[in-house]
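# Need coordinates for the following:
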Amino acid sequence: MFESSATARGARVDVGPLEPSPMSHEGEGVDRSEILSYLLAKDGDQPRDEPQIAANIHEQLQHMGLATWSLSVLRRLRDAFAKQQPRSLLEVGSGIGHRSAWILDVLERADRQLSPYTLVEQGGKFGVILQRLLNRYDALAWSSVVVGEPMQLVAEHQAWKIASATDSAHSQTPFAEHYDAIIVDGPSPNRASLVETYLPLLSSNGILYTVEPDMPTGEVAEEDEEGMALVNGFNAWIELVGATQETHHVAFMPLFGGTLVAWLPR
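Here you go, the predicted structure:
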């Protein structure tokens, strides 16, 4: 019914040196085939404690009964982001800003800004909360919250790109043409389709980060719609990982509470 992801993780890649990109000084000499391993490794220079604002949001999430990525995954994502030092970031599925607060804490401590930082969230009420978070970090001048269904937003973005390329109309898409970093979150059954849809928005040296979707366990009856959606979503994930290894480096970092996954164009 579904395959183990171990096979998809086994491929090795071998390409030339990484061309100039927004990487930290320590990562500049890393061969392109080893970039993701370097980024996903633990950064001992970063604090282990959860940032205070993120911790407050985490507590609020628990009261609301909402899920978030594990602290281990968020620490390692924060480490990778700090080492990569991207100029721009697109975060899909921002929720009420728990993960965003980790990112904003890194930027504040390093006295850095992004151009742009685009946060995508489907819920309008959550969008208001995200605006307040950005205001708390004085980030409103270089960031924006886009409220809407993530798949539809990309379709509209592509349509605006075509329109602006064929006439003099100015593009009204809320997205930049490309991003140095993209973070994708969403329900497990939709994780593969979201990653596939947003991968084209990566810059040539950009990194897309997500967490491996939940793996189905046990027998799932065909009449179990929720269970079958999880099975089909995981099968789509395995297919995506296999297919994208032709065009991207793909790396997996198993952690407590989830596996962080990253893509880098070849």
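# Residues contacting the helix or strand hosting residue 81, please?
In this structure, residue 81 sits in helix 71-84 according to DSSP states H and E. In this structure, residues lying in contact with helix 71-84 by CB atoms under 8 Å, 6 or more residues apart in numbering are 22-24, 26-27, 38-43, 46, 48, 50, 54, 68-69, 89, 98-99, 102-103, 105-106, 110, 180-181, 183, 207, 209, 211, 253, 255-258, 260, 262. The C-beta positions use only the backbone N, C-alpha and C, and glycine is treated the same way.
# what's the closest non-adjacent residue to residue 148?
Excluding the flanking residues, the one nearest residue 148 by CB to CB, 6 or more residues apart in numbering is residue 122, at 6.7 Å.
# what's near enough to touch that neighbour?
Contacts of residue 122 by CB under 8 Å, 6+ apart are 93, 147, 148, 149, 150.
# Would you mind measuring from it to residue 190?
Distance, residue 122 to residue 190, by CB to CB, to the nearest Å: 11 Å.
# Between the two ends of stretch 184-197, how far is it?
Terminal residues of stretch 184-197 lie 10 Å apart, using CA to CA, to the nearest Å.
# just so I have it, where are all the helices in the protein?
Ranges of helices in the chain, per DSSP state H, are 35-40, 52-64, 71-84, 98-110, 124-136, 150-166, 191-198, 225-244.
# Sort out which residues of the last one are buried, please.
In other words, helix 225-244. Within helix 225-244, the residues that count as buried by 16 or more other CB atoms under 10 Å are 227-234, 236-238, 240-241, 244.
# can you list those in a markdown table and add pLDDT and distance to residue 58?
Below are those laid out as a markdown table (pLDDT from 0 to 100; distance: CB to CB, whole Å):
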| residue | pLDDT | distance to residue 58 |
| --- | --- | --- |
| 227 | 81 | 29 |
| 228 | 86 | 32 |
| 229 | 88 | 27 |
| 230 | 87 | 25 |
| 231 | 89 | 30 |
| 232 | 89 | 31 |
| 233 | 90 | 26 |
| 234 | 92 | 27 |
| 236 | 95 | 30 |
| 237 | 95 | 26 |
| 238 | 95 | 31 |
| 240 | 96 | 29 |
| 241 | 95 | 29 |
| 244 | 96 | 31 |
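# Residue 117: which of those is nearest?
Comparing the buried residues of helix 225-244 against residue 117 with CB to CB places residue 244 closest, at 24.9 Å.
# Contacts only, for that closest one.
For residue 244, the contacting residues are 196, 199, 250, 263, by CB under 8 Å, 6+ apart.
# Which members of these are the farthest-apart pair?
For the contacts of residue 244, the farthest-apart pair by CB to CB is 196 and 250; their separation is 12.7 Å.
# Those two: which is more packed in?
Between residue 196 and residue 250, counting by other CB atoms under 10 Å, residue 250 is the more crowded of the two (20 against 16).
# partner residues bridging the more buried one?
Here residue 250 sits in beta bridges with residue 263, as judged by DSSP bridges.
# In this structure it contacts residue 243, no?
No. The pair residue 250 / residue 243 is not scored as a contact, 10.2 Å apart, by CB atoms under 8 Å.
# So what's the residue count around residue 126?
Burial measure for residue 126: 19 neighbouring residues, criterion other CB under 10 Å.
# what sits up against stretch 44-53?
With CB under 8 Å, 6+ apart, stretch 44-53 has contacts from 58, 71, 74-75, 78-79, 82, 101-102, 104-106, 133, 136.
# With adjacent residues omitted, what lies nearest to residue 143?
residue 117 (3.9 Å).
# my guess is the one you found meets residue 86, correct?
No. Checked against CB under 8 Å, the pair residue 117 and residue 86 is beyond contact range at 9.6 Å.
# separation between the residue nearest to residue 187 when sequence neighbours are not counted and residue 216?
Leaving out its chain neighbours, the residue that sits closest to residue 187 by CB to CB, 6+ apart is residue 233, at 7.8 Å. Residue 233 sits 9 Å away from residue 216, going by CB to CB.
# Check the gap between residue 258 and residue 75 for me.
From residue 258 across to residue 75, the span is 12 Å (CB to CB).
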